[in-house]
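Asker: Have a look at this prediction, sequence included:
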There are 2 protein chains.
Amino acid sequence: MKQKILDAFNFRHACKEFDPEKRISDEDFAFILETARLSPSSFGFEPWHFLIVQDMKVREKLAEHCWGGKKQFPTASHLVIGLVKKGCFMRWDSEYVQDFMRYVQELPEDIVKMKGDFFRKFEEEDFDLLCSDRALVDWATHQAYLPLANMMTAAALIGIDSCPMEGFHKKSMEAALHRELGIDLDKYTMAYAVAFGHRKNDPRPKTRRPMDAITTWIKGD
Amino acid sequence: MKQKILDAFNFRHACKEFDPEKRISDEDFAFILETARLSPSSFGFEPWHFLIVQDMKVREKLAEHCWGGKKQFPTASHLVIGLVKKGCFMRWDSEYVQDFMRYVQELPEDIVKMKGDFFRKFEEEDFDLLCSDRALVDWATHQAYLPLANMMTAAALIGIDSCPMEGFHKKSMEAALHRELGIDLDKYTMAYAVAFGHRKNDPRPKTRRPMDAITTWIKGD
């Protein structure tokens, strides 16, 4: 099992161009999305939304703002845009957070109160997230990278390629999301795109720093 | 295979307390770290470092600043602190980035130049990351959530529990990391802690929003 998983991690690479003839089945793509849905997030508040852009005309419009996705957008079997919920959702006193604890997490009222207090303290004092809109949305964005990793890993485990993309001009891409798809930019920001499909070409060999360059052990007695 | 993977995603939960008698083998923990090492990152620059804190006295000192880790720090088999590289590393013109392209990614000199230009454009224009130290380190922190997800998923796939933790006071925790372990706070910030081990108690049932609440399909003709 461990070797199979490591094989999948080595199989995964940032696939620049997909074979447009090779499609992902509905079942396999539903599986990939399910691993996003089941991903963890800070306080469990799932500060994300995923657009699955299968309309090729829309992909073409969006690709204009994504220099890192010129080959991926037109060839991917499935293209996901990862949106992140902004402050109006993610403040401790927002209706979203309060309702989330009650109706999604199904917490009893005393726990809602207690968890809400912890979350206020976390946002205000521990991480100083309320100092700017950007700080709060950047923290929410951290969370959205958890489902991103899980979707790519889950895909690789069943032999599906992927490419995560940050290579876009954020302002003009978001303007296009508003114009083409009606995305409310007061409520959402775009974190990344991620394409799925099957590779057209073999990748160059994977490079990484060695383990001892990325870890420090603090051993006990 | 797909069902086994989904079972692992359902097995994973934020494990609050571990059975201190049940240790993770060296081989299994090396496997978990290897999935962090093989994780992707923006431009492939791996803006992370992992402390594995096995000294119980150090854990005790750090736990003072981590209200979300009171039970996890003393009982986890393995405790990882996820550090993120700050601007002195992550600016496009830093020695780290330039050397990384040459000596880790082994890119030829003309590609180093081209990729460096893209990265400068990305930091300056696309994402406006150089507007503040916090914006740059927050972007680097996004990346560090990819190995976090992968470590937890890989652990779950081999039946090991985990708990990701942001519930700490960032300033006092980082001061303790400096004091106890000599971490250079000009170079690193702490993103999260993540504990690994085997659960002491069964979790409450997992809650998530339904798929249609977190996805929007833009279908073609």
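Answerer: Nice, I can see it.
Asker: And for A:P205, the neighbour number?
Answerer: 8 (other C-beta atoms under 10 Å in any protein chain shown). C-beta here means a position set from N, CA and C on the backbone, and glycine is covered the same way.
Asker: Quick check: next helix or strand after the longest helix along chain A?
Answerer: In chain A, with assignment by DSSP state H, the single longest helix is helix A:133-157. Per DSSP states H and E, the first helix or strand lying C-terminal to helix A:133-157 is strand A:161-165.
Asker: wait, does that next one make contact with chain B?
Answerer: Yes. Applying C-beta under 8 Å from any C-beta of the partner chain, one finds strand A:161-165 touching chain B at A:P164.
Asker: Against which helices or strands is that strand packed?
Answerer: helix A:133-157, strand A:188-197 (3 or more C-beta pairs under 8 Å, 6 or more residues apart in numbering or on different chains; DSSP states H and E).
Asker: now the helices for chain A?
Answerer: Under DSSP H, chain A gives helices at A:2-11, A:26-37, A:56-63, A:72-75, A:87-90, A:95-99, A:109-121, A:133-157, A:170-181, A:211-214.
Asker: how much distance is there from the first one to the middle of the chain?
Answerer: Read it as helix A:2-11. The gap between where helix A:2-11 is centred and where its chain is centred comes out at 21 Å by C-alpha atoms, centre = their mean, to the nearest Å.
Asker: and the angle from it to strand A:161-165?
Answerer: 50 degrees (axes from the mean of the first three to the mean of the last three C-alpha atoms, to 10 degrees).
Asker: buried ones in helix A:2-11?
Answerer: Buried residues in helix A:2-11, counted by 16 or more other C-beta atoms under 10 Å in any protein chain shown: A:K2, A:I5, A:A8, A:F9, A:F11.
Asker: residues contacting the last one?
Answerer: If you count contacts by C-beta atoms under 8 Å, 6 or more residues apart in numbering or on different chains, A:F11 has them with A:A156, A:G159.
Asker: how about a cut-off of 7 Å?
Answerer: By C-beta atoms under 7 Å, 6 or more residues apart in numbering or on different chains, A:F11 lies in contact with A:A156.
Asker: distance of it from A:F43?
Answerer: Applying C-beta to C-beta, to the nearest Å, the value for A:F11 to A:F43 is 33 Å.
Asker: just the third one next, same as before
Answerer: Between A:A8 and A:F43 the distance, using C-beta to C-beta, works out to 30 Å.
Asker: ok, now the second one?
Answerer: A:I5 sits 29 Å away from A:F43 when distances are taken as C-beta to C-beta.
Asker: Let me know whether A:H178 touches A:D186 as I believe.
Answerer: No. Contact criterion C-beta atoms under 7 Å: A:H178 and A:D186 do not qualify, at 9.9 Å.
Asker: Counting neighbours, go ahead and name the busier of these two.
Answerer: More neighbours surround A:H178 than the other of A:H178 and A:D186, with 14 against 9 (other C-beta under 10 Å).
Asker: what number of residues lie near A:L146?
Answerer: Residues near A:L146, counting by other C-beta under 10 Å, number 24.
Asker: wait, what's in contact with it?
Answerer: Counted by C-beta under 7 Å, 6+ apart, A:L146 has contacts A:S39, A:P40, A:S41, B:Y145, B:L148, B:A149.
Asker: can you count the residues close to the closest residue to the last one other than its chain neighbours?
Answerer: Closest residue to B:A149 apart from its sequence neighbours, by C-beta to C-beta, 6 or more residues apart in numbering or on different chains: A:A149 at 3.6 Å. Burial of A:A149 is recorded as 26 neighbouring residues (other C-beta under 10 Å).
Asker: close enough to count as contact, A:A149 and B:A154?
Answerer: No. If you go by C-beta under 7 Å, A:A149 and B:A154 don't touch, sitting 10.5 Å apart.
Asker: For the two, list the residues in contact with both.
Answerer: With C-beta under 7 Å, 6+ apart, A:A149 and B:A154 have no common neighbours.
Asker: So, low pLDDT: which residues of chain A?
Answerer: Counting by pLDDT under 70, chain A contains no low-confidence range.
Asker: Determine whether any part of stretch A:32-46 lies close to chain B.
Answerer: Yes. Stretch A:32-46 is in contact with chain B by C-beta under 7 Å from any C-beta of the partner chain, via A:L33, A:E34, A:T35, A:R37, A:L38, A:S39, A:P40, A:S42, A:E46.
Asker: For those residues, give me CSV that also has neighbour count.
Answerer: What follows is the residues of stretch A:32-46 next to chain B, written out as CSV (neighbours: other C-beta atoms under 10 Å in any protein chain shown):
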residue, neighbour count
A:L33, 19
A:E34, 20
A:T35, 24
A:R37, 20
A:L38, 18
A:S39, 24
A:P40, 23
A:S42, 23
A:E46, 25
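Asker: nearest to chain B, of these?
Answerer: Nearest to chain B among the residues of stretch A:32-46 next to chain B: A:L38, at 4.1 Å, using C-beta to the nearest C-beta.
Asker: Phi first, then psi, for that closest one.
Answerer: phi -90, psi 0 (degrees, to the nearest 10).
Asker: pretty sure it contacts B:R208?
Answerer: Yes. Contact criterion C-beta under 7 Å: A:L38 and B:R208 qualify, at 6.3 Å.
Asker: can I get the CA coordinates of stretch A:120-130 in CSV?
Answerer: The C-alpha trace of stretch A:120-130 is given here as CSV (Å, rounded to 0.1, in the frame of the first residue of the first chain):
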residue,chain,number,x,y,z
ARG,A,120,-13.4,35.3,17.7
LYS,A,121,-10.3,35.1,19.8
PHE,A,122,-8.5,33.2,17.1
GLU,A,123,-9.4,35.8,14.4
GLU,A,124,-8.8,38.9,16.7
GLU,A,125,-6.0,37.9,18.9
ASP,A,126,-4.2,34.7,17.9
PHE,A,127,-3.7,35.4,14.2
ASP,A,128,-4.7,39.1,13.9
LEU,A,129,-6.8,38.3,10.9
LEU,A,130,-9.2,41.2,11.2
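Asker: wait, does that stretch contact chain B?
Answerer: Yes. Stretch A:120-130 lies within reach of chain B by C-beta under 7 Å from any C-beta, at A:F122, A:E125, A:D126, A:F127.
Asker: filter the residues you listed to the buried ones?
Answerer: Here, 16+ other C-beta under 10 Å leaves A:F122, A:D126, A:F127 buried among the residues of stretch A:120-130 next to chain B.
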